[in-house]
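# this is the structure alone, sequence omitted:
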């Protein structure tokens, strides 16, 4: 029975890693869509669907572990943390999909603030990658780095917001430019939320290791 339980826990680890990789792909495709590769939008949507299916699969596996194996102590923390993590991963897929959808409306616009949107995209992708890496390696140092790095994403969001306010404050802003600024602000907000989800994942990794969850 214990051997079977160990095999199922290992399967859970593998499936979580695969779901994390899909989240990284979704962000990457969404970022490239933003930078002009609009044909990749469909790939974002397909990856989001894969993430949704992976969430259902992992949820089913976790429930079987809880009901059939009745794990205790650290194993129970791993399973319960996994259930929390997949919820954040699913939201990352949704937000990448939302970014790709908005990109369809802003192609061809050329505003300097896009440079900082690119920085946000790279920063949030790094956070997601590291949060998954912290789970794979069971490394609390990586967890701490993800949590600290959220300040970088927040600062970039503030910079983008101020840039857009500067554009809108000009006296001759037309309707198209106004819509562009709103779309870009929404994209920036989605990237900020992805960073928040990466922090959540890292915090649940910490809980699975230590049994404590410092939620601010």
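Sure, I can see it. Just so it is clear, the structure is predicted and the values come from calculations on it, not from any experiment.

# for the longest helix seen in the chain, which residues meet the burial criterion?
Of all segments of type helix in the chain, defined using DSSP state H, the longest is helix 175-210. Residues of helix 175-210 classed as buried by neighbour count (16 or more other Cβ atoms under 10 Å): 180-181, 183-185, 187-209. C-beta: built from backbone N, CA, C; applies to glycine.

# and that helix, what other elements does it pack with?
helix 73-103, helix 114-137, helix 140-168 (3 or more Cβ pairs under 8 Å, 6 or more residues apart in numbering; DSSP states H and E).

# from one end of stretch 67-78 to the other, what's the distance?
Start-to-end span of stretch 67-78 (Cα to Cα, to the nearest Å) is 15 Å.

# poorly predicted segments of this structure, please.
The model of the chain has pLDDT under 70 over residues 1-2, 107-115, 214-216.

# hmm, try it at 90
Scanning the chain for pLDDT under 90 picks out the ranges 1-9, 34-38, 64-76, 78, 103-119, 121, 135-136, 163-181, 211-216.

# which stretch of helix or strand covers the residue nearest to residue 64 when sequence neighbours are not counted?
Computed as Cβ to Cβ, 6 or more residues apart in numbering, the closest residue to residue 64 that is not its neighbour in sequence is residue 8, at 7.2 Å. Using DSSP states H and E, residue 8 maps to helix 2-34.

# how about that helix: buried residues?
8-9, 12, 15-16, 19-20, 22-34.

# quick check: what element follows that helix along the chain?
Taking DSSP H and E, what comes next after helix 2-34 is helix 41-64.

# tell me what that following helix is packed against?
Judged by 3+ Cβ pairs under 8 Å, 6+ apart, helix 41-64 is in contact with helix 2-34, helix 73-103.
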